[in-house]
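> Structural data only, the sequence is not supplied:
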(Lines give C-alpha, C1' and ligand atoms only; values in the text may rest on other atoms or scores of the structure.)
Protein backbone atom coordinates (compact mmCIF):
# COMPACT_ATOMS: atom_id res chain seq x y z
CA UNK A 1 0.00 0.00 0.00
CA UNK A 2 2.90 2.38 0.60
CA UNK A 3 5.41 1.04 -1.92
CA UNK A 4 7.25 3.92 -3.59
CA UNK A 5 9.29 3.95 -6.81
CA UNK A 6 12.26 5.64 -5.12
CA UNK A 7 13.51 7.02 -1.82
CA UNK A 8 11.45 9.74 -0.16
CA UNK A 9 12.85 12.47 2.10
CA UNK A 10 10.87 14.56 4.60
CA UNK A 11 12.18 17.55 6.58
CA UNK A 12 10.89 20.25 8.92
CA UNK A 13 12.40 23.75 9.21
CA UNK A 14 11.76 26.53 11.69
CA UNK A 15 12.57 29.97 10.19
CA UNK A 16 14.85 31.82 10.19
CA UNK A 17 17.02 28.66 10.23
CA UNK A 18 17.04 26.48 7.12
CA UNK A 19 19.57 24.05 8.58
CA UNK A 20 17.87 21.08 6.88
CA UNK A 21 18.06 22.63 3.36
CA UNK A 22 14.32 22.19 3.08
CA UNK A 23 14.12 22.90 -0.66
CA UNK A 24 16.42 19.95 -1.41
CA UNK A 25 13.91 17.33 -0.29
CA UNK A 26 10.77 15.58 -1.50
CA UNK A 27 8.46 16.92 1.19
CA UNK A 28 8.98 19.71 3.67
CA UNK A 29 7.10 21.59 6.36
CA UNK A 30 8.10 25.20 7.09
CA UNK A 31 6.82 26.13 10.54
CA UNK A 32 4.83 29.37 10.64
CA UNK A 33 5.06 30.89 14.10
CA UNK A 34 2.87 33.65 15.48
CA UNK A 35 3.12 34.93 19.04
CA UNK A 36 5.48 32.10 19.92
CA UNK A 37 3.14 29.34 18.70
CA UNK A 38 3.16 27.19 15.57
CA UNK A 39 -0.06 28.06 13.73
CA UNK A 40 0.67 25.80 10.78
CA UNK A 41 3.12 24.88 8.04
CA UNK A 42 3.93 25.91 4.50
CA UNK A 43 4.19 22.61 2.62
CA UNK A 44 7.00 22.14 0.07
CA UNK A 45 7.15 19.39 -2.54
CA UNK A 46 9.47 18.29 -5.33
CA UNK A 47 13.03 18.94 -4.22
CA UNK A 48 16.00 16.68 -4.95
CA UNK A 49 19.69 16.94 -5.71
CA UNK A 50 20.70 14.01 -7.90
CA UNK A 51 21.61 14.35 -11.58
CA UNK A 52 23.89 12.66 -14.10
CA UNK A 53 26.73 14.28 -16.02
CA UNK A 54 25.78 15.19 -19.61
CA UNK A 55 22.21 13.97 -19.18
CA UNK A 56 19.91 16.99 -19.39
CA UNK A 57 16.87 14.86 -18.57
CA UNK A 58 18.26 14.75 -15.02
CA UNK A 59 18.76 17.81 -12.87
CA UNK A 60 18.73 19.08 -9.28
CA UNK A 61 15.45 20.73 -8.40
CA UNK A 62 14.29 22.98 -5.59
CA UNK A 63 10.97 22.18 -3.99
CA UNK A 64 7.93 24.34 -4.65
CA UNK A 65 5.88 25.84 -1.83
CA UNK A 66 2.54 24.10 -2.43
CA UNK A 67 0.37 25.74 0.22
CA UNK A 68 -0.40 26.03 3.92
CA UNK A 69 -1.88 23.52 6.36
CA UNK A 70 -2.71 23.60 10.05
CA UNK A 71 -0.82 21.44 12.57
CA UNK A 72 -3.85 19.13 12.77
CA UNK A 73 -3.77 18.61 8.99
CA UNK A 74 -0.03 18.03 8.60
CA UNK A 75 0.07 14.24 8.88
CA UNK A 76 -2.86 13.82 6.54
CA UNK A 77 -1.20 16.12 3.99
CA UNK A 78 2.04 14.15 4.26
CA UNK A 79 0.19 10.88 3.68
CA UNK A 80 -1.55 12.34 0.64
CA UNK A 81 1.75 13.53 -0.85
CA UNK A 82 3.18 10.03 -0.43
CA UNK A 83 0.10 8.51 -2.08
CA UNK A 84 0.36 10.81 -5.11
CA UNK A 85 3.97 9.77 -5.58
CA UNK A 86 3.02 6.13 -5.11
CA UNK A 87 0.38 6.41 -7.83
CA UNK A 88 2.18 8.66 -10.33
CA UNK A 89 5.92 8.23 -9.67
CA UNK A 90 7.84 6.76 -12.62
CA UNK A 91 8.54 3.06 -12.01
CA UNK A 92 10.03 2.46 -15.47
CA UNK A 93 13.15 4.64 -15.21
CA UNK A 94 15.16 4.83 -11.98
CA UNK A 95 16.73 8.12 -13.12
CA UNK A 96 13.25 9.63 -13.41
CA UNK A 97 11.62 8.08 -10.35
CA UNK A 98 12.03 10.69 -7.62
CA UNK A 99 9.14 12.92 -6.55
CA UNK A 100 10.89 15.96 -8.04
CA UNK A 101 10.25 14.59 -11.54
CA UNK A 102 6.61 13.86 -10.77
CA UNK A 103 6.12 17.50 -9.70
CA UNK A 104 8.20 18.83 -12.59
CA UNK A 105 6.35 16.77 -15.20
CA UNK A 106 2.82 17.59 -14.02
CA UNK A 107 3.25 20.97 -12.33
CA UNK A 108 2.77 21.98 -8.72
CA UNK A 109 -0.85 23.06 -9.25
CA UNK A 110 -1.76 19.61 -10.57
CA UNK A 111 0.09 18.04 -7.66
CA UNK A 112 -1.72 20.23 -5.15
CA UNK A 113 -5.06 19.24 -6.70
CA UNK A 114 -4.17 15.57 -6.35
CA UNK A 115 -3.25 16.08 -2.70
CA UNK A 116 -6.49 17.96 -2.00
CA UNK A 117 -8.55 15.20 -3.62
CA UNK A 118 -7.00 12.70 -1.21
CA UNK A 119 -7.29 14.85 1.92
CA UNK A 120 -10.79 16.13 1.22
CA UNK A 121 -9.86 19.73 2.07
CA UNK A 122 -8.19 22.68 0.38
CA UNK A 123 -4.76 23.88 1.37
CA UNK A 124 -4.47 27.52 2.34
CA UNK A 125 -2.29 30.10 0.66
CA UNK A 126 1.35 30.00 1.72
CA UNK A 127 2.19 32.32 4.63
CA UNK A 128 5.16 34.74 4.61
CA UNK A 129 8.47 33.40 5.98
CA UNK A 130 12.15 34.22 5.75
CA UNK A 131 15.22 32.02 5.95
CA UNK A 132 18.58 33.55 6.83
CA UNK A 133 21.06 30.67 6.68
CA UNK A 134 21.53 26.93 6.22
CA UNK A 135 24.22 26.35 8.84
CA UNK A 136 24.22 25.19 12.45
CA UNK A 137 24.44 27.33 15.59
CA UNK A 138 27.66 26.28 17.26
CA UNK A 139 28.16 26.38 21.00
CA UNK A 140 25.61 26.27 23.81
CA UNK A 141 21.96 27.21 23.47
CA UNK A 142 19.10 26.87 25.92
CA UNK A 143 15.88 25.29 24.73
CA UNK A 144 12.34 26.23 25.59
CA UNK A 145 12.30 23.19 27.89
CA UNK A 146 15.04 24.74 30.03
CA UNK A 147 17.61 22.13 28.93
CA UNK A 148 20.98 23.01 27.42
CA UNK A 149 22.14 21.93 23.96
CA UNK A 150 25.69 22.04 22.61
CA UNK A 151 26.44 21.91 18.87
CA UNK A 152 29.95 20.65 18.10
CA UNK A 153 31.75 21.07 14.80
CA UNK A 154 32.52 17.62 13.36
CA UNK A 155 34.54 17.83 10.10
CA UNK A 156 32.44 16.06 7.46
CA UNK A 157 30.63 14.16 10.21
CA UNK A 158 33.55 11.82 10.90
CA UNK A 159 33.89 11.09 14.63
CA UNK A 160 37.37 9.66 15.05
CA UNK A 161 40.55 9.89 17.08
CA UNK A 162 43.80 11.22 15.65
CA UNK A 163 47.18 11.24 17.41
CA UNK A 164 46.71 14.86 18.50
CA UNK A 165 42.92 15.07 18.84
CA UNK A 166 40.95 12.42 20.73
CA UNK A 167 37.46 13.40 19.60
CA UNK A 168 35.96 9.91 19.68
CA UNK A 169 37.43 9.14 23.09
CA UNK A 170 36.21 12.44 24.49
CA UNK A 171 32.67 11.95 23.21
CA UNK A 172 32.63 8.42 24.62
CA UNK A 173 33.53 9.82 28.04
CA UNK A 174 30.72 12.36 27.73
CA UNK A 175 28.30 9.56 26.81
CA UNK A 176 29.15 7.75 30.04
CA UNK A 177 27.69 10.55 32.17
CA UNK A 178 25.21 12.20 29.80
CA UNK A 179 21.55 11.45 30.53
CA UNK A 180 20.17 13.43 27.59
CA UNK A 181 20.56 12.61 23.91
CA UNK A 182 22.91 12.95 20.95
CA UNK A 183 21.56 14.41 17.71
CA UNK A 184 23.14 14.30 14.26
CA UNK A 185 22.52 17.48 12.28
CA UNK A 186 21.83 17.83 8.57
CA UNK A 187 25.18 19.61 8.32
CA UNK A 188 27.10 16.57 9.62
CA UNK A 189 27.64 18.06 13.07
CA UNK A 190 26.73 16.72 16.52
CA UNK A 191 24.44 18.13 19.18
CA UNK A 192 24.85 16.99 22.77
CA UNK A 193 21.21 17.57 23.60
CA UNK A 194 18.98 17.91 26.64
CA UNK A 195 21.78 18.59 29.12
CA UNK A 196 20.51 19.34 32.62
CA UNK A 197 21.87 22.14 34.78
CA UNK A 198 23.35 19.50 37.08
CA UNK A 199 25.29 17.73 34.30
CA UNK A 200 26.45 20.74 32.28
CA UNK A 201 29.54 21.57 34.35
CA UNK A 202 30.77 17.95 34.34
CA UNK A 203 30.27 17.72 30.56
CA UNK A 204 32.04 21.03 30.02
CA UNK A 205 34.98 19.76 32.06
CA UNK A 206 35.31 16.67 29.86
CA UNK A 207 34.97 18.71 26.69
CA UNK A 208 37.74 21.03 27.86
CA UNK A 209 39.96 18.08 28.79
CA UNK A 210 39.69 16.68 25.25
CA UNK A 211 39.78 20.04 23.46
CA UNK A 212 36.20 19.81 22.22
CA UNK A 213 34.66 22.80 23.96
CA UNK A 214 35.83 25.63 21.69
CA UNK A 215 36.77 23.69 18.56
CA UNK A 216 34.55 25.83 16.31
CA UNK A 217 35.97 29.17 17.46
CA UNK A 218 39.31 28.60 15.79
CA UNK A 219 37.76 27.75 12.42
CA UNK A 220 37.08 30.06 9.50
CA UNK A 221 33.54 30.73 8.33
CA UNK A 222 34.41 28.82 5.17
CA UNK A 223 35.36 25.66 7.06
CA UNK A 224 32.39 25.83 9.43
CA UNK A 225 30.08 25.89 6.41
CA UNK A 226 31.81 23.13 4.45
CA UNK A 227 30.44 19.66 3.80
CA UNK A 228 31.50 16.61 1.78
CA UNK A 229 30.10 13.19 1.00
CA UNK A 230 32.18 10.11 1.85
CA UNK A 231 33.15 9.38 -1.78
CA UNK A 232 36.26 7.22 -2.27
CA UNK A 233 36.98 4.62 -0.97
CA UNK A 234 33.66 4.12 0.85
CA UNK A 235 31.19 4.79 -1.96
CA UNK A 236 31.15 2.65 -5.08
CA UNK A 237 29.53 5.45 -7.11
CA UNK A 238 32.32 7.96 -6.48
CA UNK A 239 34.30 9.27 -9.43
CA UNK A 240 36.65 11.44 -7.34
CA UNK A 241 37.67 12.19 -3.77
CA UNK A 242 35.50 14.28 -1.48
CA UNK A 243 35.66 13.68 2.29
CA UNK A 244 39.40 13.08 2.22
CA UNK A 245 40.13 16.01 -0.13
CA UNK A 246 37.82 18.84 0.96
CA UNK A 247 39.55 19.59 4.30
CA UNK A 248 42.87 20.07 2.50
CA UNK A 249 41.25 22.18 -0.21
CA UNK A 250 39.54 24.38 2.36
CA UNK A 251 42.93 24.80 4.04
CA UNK A 252 44.40 26.11 0.79
CA UNK A 253 41.43 28.39 0.14
CA UNK A 254 41.64 29.75 3.68
CA UNK A 255 44.85 31.54 2.73
CA UNK A 256 42.95 33.53 0.12
CA UNK A 257 40.02 34.04 2.48
CA UNK A 258 42.21 35.35 5.30
CA UNK A 259 44.26 37.54 2.96
CA UNK A 260 41.01 39.09 1.78
CA UNK A 261 39.87 39.74 5.36
CA UNK A 262 37.05 37.20 5.18
CA UNK A 263 38.15 34.80 7.92
CA UNK A 264 34.88 35.00 9.84
CA UNK A 265 32.58 35.37 6.84
CA UNK A 266 30.35 32.37 6.20
CA UNK A 267 30.59 30.98 2.68
CA UNK A 268 28.77 27.71 1.97
CA UNK A 269 31.08 25.21 0.26
CA UNK A 270 29.97 21.68 -0.68
CA UNK A 271 31.74 18.79 -2.42
CA UNK A 272 30.69 15.39 -3.74
CA UNK A 273 32.65 12.67 -5.50
CA UNK A 274 29.87 12.12 -8.06
CA UNK A 275 26.79 13.97 -9.36
CA UNK A 276 24.25 12.20 -7.13
CA UNK A 277 24.39 15.15 -4.74
CA UNK A 278 24.58 13.52 -1.30
CA UNK A 279 26.28 16.55 0.27
CA UNK A 280 23.86 18.90 -1.55
CA UNK A 281 26.62 20.47 -3.71
CA UNK A 282 24.12 22.28 -5.94
CA UNK A 283 23.14 24.43 -2.97
CA UNK A 284 26.72 25.47 -2.21
CA UNK A 285 27.77 29.04 -2.93
CA UNK A 286 30.84 27.14 -4.08
CA UNK A 287 30.08 23.61 -5.21
CA UNK A 288 32.37 20.83 -6.44
CA UNK A 289 31.15 17.68 -8.19
CA UNK A 290 33.61 14.96 -9.11
CA UNK A 291 34.02 14.09 -12.80
CA UNK A 292 37.00 11.74 -12.65
CA UNK A 293 39.95 11.16 -10.30
CA UNK A 294 41.41 14.56 -9.49
CA UNK A 295 38.91 16.56 -11.57
CA UNK A 296 35.75 18.47 -10.59
CA UNK A 297 33.01 20.59 -12.05
CA UNK A 298 32.91 23.90 -10.17
CA UNK A 299 29.57 25.57 -9.46
CA UNK A 300 28.88 29.09 -8.15
CA UNK A 301 25.93 31.26 -7.24
CA UNK A 302 23.66 29.38 -4.83
CA UNK A 303 21.63 31.32 -2.30
CA UNK A 304 23.08 31.48 1.21
CA UNK A 305 19.62 30.73 2.60
CA UNK A 306 19.20 27.62 0.45
CA UNK A 307 16.58 29.17 -1.83
CA UNK A 308 18.53 29.15 -5.11
CA UNK A 309 20.56 26.56 -6.99
CA UNK A 310 24.08 27.27 -8.14
CA UNK A 311 25.24 27.01 -11.75
CA UNK A 312 28.16 25.43 -13.57
CA UNK A 313 31.15 27.79 -13.78
CA UNK A 314 34.00 25.57 -14.99
CA UNK A 315 34.17 21.92 -16.05
CA UNK A 316 36.88 19.35 -15.35
CA UNK A 317 39.02 21.55 -13.12
CA UNK A 318 42.09 19.76 -11.78
CA UNK A 319 42.62 19.62 -8.00
CA UNK A 320 45.78 21.67 -8.26
CA UNK A 321 44.06 24.43 -10.26
CA UNK A 322 41.09 25.07 -7.98
CA UNK A 323 42.72 27.63 -5.70
CA UNK A 324 44.10 29.58 -8.64
CA UNK A 325 40.63 29.60 -10.19
CA UNK A 326 38.77 30.80 -7.08
CA UNK A 327 41.26 33.10 -5.33
CA UNK A 328 40.71 36.08 -7.66
CA UNK A 329 36.93 35.76 -7.19
CA UNK A 330 37.30 35.68 -3.41
CA UNK A 331 39.55 38.77 -3.41
CA UNK A 332 37.23 40.62 -5.76
CA UNK A 333 34.27 39.75 -3.53
CA UNK A 334 36.07 41.23 -0.52
CA UNK A 335 36.74 44.48 -2.40
CA UNK A 336 33.54 44.95 -4.35
CA UNK A 337 30.72 43.38 -2.34
CA UNK A 338 27.78 45.50 -1.34
CA UNK A 339 26.65 45.79 2.26
CA UNK A 340 25.22 42.47 3.39
CA UNK A 341 25.88 40.83 0.02
CA UNK A 342 26.60 37.11 0.17
CA UNK A 343 29.24 35.38 -1.92
CA UNK A 344 26.73 33.50 -4.06
CA UNK A 345 24.81 36.69 -4.82
CA UNK A 346 28.06 38.49 -5.72
CA UNK A 347 29.13 35.85 -8.24
CA UNK A 348 25.87 36.45 -10.09
CA UNK A 349 26.05 40.25 -9.92
CA UNK A 350 29.68 40.15 -11.05
CA UNK A 351 28.77 38.01 -14.05
CA UNK A 352 30.59 34.78 -13.22
CA UNK A 353 27.37 32.78 -13.54
CA UNK A 354 23.74 33.50 -14.40
CA UNK A 355 21.00 33.32 -11.81
CA UNK A 356 19.09 30.04 -11.84
CA UNK A 357 15.35 30.77 -11.88
CA UNK A 358 13.83 27.58 -13.26
CA UNK A 359 15.66 24.41 -12.38
CA UNK A 360 15.50 22.37 -15.57
CA UNK A 361 16.15 25.05 -18.20
CA UNK A 362 18.24 27.66 -16.41
CA UNK A 363 20.42 25.17 -14.58
CA UNK A 364 21.63 23.36 -17.70
CA UNK A 365 21.79 26.41 -19.96
CA UNK A 366 25.24 27.84 -20.71
CA UNK A 367 26.38 31.01 -18.91
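In hand now; what should we look at? Bear in mind the structure is a predicted one, so any value in this text is a computation, not a measurement.
> could you say what helices and strands the least confident helix or strand in the chain by mean pLDDT packs with?
Within the chain, no helix or strand scores below helix 359-364, which has a mean of 85 by mean pLDDT, DSSP states H and E. The helices and strands touching helix 359-364, judged by 3 or more Cβ pairs under 8 Å, 6 or more residues apart in numbering; DSSP states H and E, number zero. (Each C-beta comes from the backbone N, C-alpha and C, glycine too.)
> contact partners of that helix?
56, 59, 60, 61, 62, 104, 282, 309, 311, 354, 355, 356 (Cβ atoms under 8 Å, 6 or more residues apart in numbering).
> which residues sit in contact with the first one?
What it means is residue 56. Contacts for residue 56 (Cβ under 8 Å, 6+ apart) come out as residue 364.
> For it, give its distance to residue 367.
16 Å (Cβ to Cβ, to the nearest Å).
> again, but for the third one
Summarising the geometry, the distance separating residue 60 from residue 367, computed by Cβ to Cβ, is 17 Å.
> ok, and for stretch 345-357, which residues are buried?
Of the residues in stretch 345-357, 345, 346, 347, 348, 352, 353, 356 count as buried by neighbour count, 16 or more other Cβ atoms under 10 Å.
> which SS state does residue 299 fall under?
Put simply, residue 299 is strand when judged by DSSP: H, G, I helix; E, B strand; the rest coil.
> so what's it closest to, chain neighbours aside?
residue 287 (3.6 Å; Cβ to Cβ, 6 or more residues apart in numbering).
> count of neighbours near residue 36?
For residue 36, the neighbour count with other Cβ atoms under 10 Å is 6.
> next one: the one 4 residues further on
Using other Cβ under 10 Å, residue 40 has 20 neighbouring residues.
> From residue 74, how far out is it?
On the measure of Cβ to Cβ, residue 40 and residue 74 end up 8 Å apart.
> just residue 58 next, same as before
31 Å.
> Check residue 309 too.
27 Å.
> same question, residue 194
Distance of residue 194 to residue 74, computed by Cβ to Cβ: 24 Å.
> With residue 169 instead?
Counting by Cβ to Cβ, the gap from residue 169 to residue 74 is 41 Å.
> Could you check which of these two is surrounded by more residues?
residue 74 (16 against 12).
> Contact partners for the more buried one?
Contacts of residue 74 (Cβ under 8 Å, 6+ apart): 29, 40, 41.
> JSON lines for those residues, including pLDDT and secondary structure?
JSON lines is the format used below for these (pLDDT from 0 to 100; DSSP: H, G, I helix; E, B strand; the rest coil):
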{"residue": "29", "pLDDT": "98", "secondary structure": "strand"}
{"residue": "40", "pLDDT": "98", "secondary structure": "strand"}
{"residue": "41", "pLDDT": "98", "secondary structure": "strand"}
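> of all those, which comes closest to residue 187?
When the contacts of residue 74 are compared for distance to residue 187 (Cβ to Cβ), residue 29 wins out at 19.0 Å.
> Would you check how far apart the closest residue to the closest one other than its chain neighbours and residue 64 are?
Distances taken as Cβ to Cβ, 6+ apart place residue 41 nearest to residue 29, at 4.0 Å, with adjacent residues excluded. Remark: distance between residue 41 and residue 64 (Cβ to Cβ) = 14 Å.
> Kindly report the same for residue 171.
39 Å.
> Helices of the stretch 151-300 of the chain, start to end?
167-177, 197-209, 221-224, 246-259 (DSSP state H, counting those that start in this stretch).
> just curious, which of the contacts of helix 359-364 is nearest to residue 207?
residue 282 (34.9 Å).
> I'd like to know how many residues surround that closest one.
Residue 282: 30 neighbours (other Cβ under 10 Å).
> Enumerate every residue touching it.
Taking Cβ under 8 Å, 6+ apart, one finds 49, 51, 60, 270, 299, 302, 309, 310, 363 in contact with residue 282.
> can you rerun that using 6 Å?
By Cβ atoms under 6 Å, 6 or more residues apart in numbering, the contact set of residue 282 is 49, 60, 309, 310.
> out of the residues you listed, who's nearest residue 256?
Nearest member of the contacts of residue 282 to residue 256, counting by Cβ to Cβ, is residue 310, at 19.1 Å.
> Dihedrals phi and psi, the closest one?
The phi and psi torsions at residue 310 (degrees, to the nearest 10) take the values phi -90, psi -170.
> For it, give me its contacts.
So residue 310 contacts 282, 287, 299, 300, 301, 302 (Cβ under 6 Å, 6+ apart).
> what's in contact with stretch 156-176?
Contacts for stretch 156-176 (Cβ under 6 Å, 6+ apart): 188, 203, 206, 210, 212, 228, 243.
> picking that back up, now, which of the contacts of helix 359-364 lie within helices?
residue 104 (DSSP state H).
> now the contacts of helix 359-364 in TSV, with distance to residue 161 and pLDDT?
Output for the contacts of helix 359-364, formatted as TSV (distance: Cβ to Cβ, whole Å; pLDDT from 0 to 100):
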residue	distance to residue 161	pLDDT
56	45	93
59	40	96
60	36	97
61	40	97
62	39	97
104	45	96
282	33	98
309	38	97
311	40	97
354	45	96
355	44	96
356	41	95
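> Just the ones of the contacts of helix 359-364 in strands?
residue 311 (DSSP state E).
> sorry, back to before: redo the contacts of stretch 156-176 as a markdown table? Include neighbour count and pLDDT.
Converted to a markdown table, the contacts of stretch 156-176 look like this (neighbours: other Cβ atoms under 10 Å; pLDDT from 0 to 100):
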| residue | neighbour count | pLDDT |
| --- | --- | --- |
| 188 | 19 | 96 |
| 203 | 21 | 97 |
| 206 | 19 | 96 |
| 210 | 19 | 95 |
| 212 | 25 | 92 |
| 228 | 28 | 98 |
| 243 | 25 | 96 |
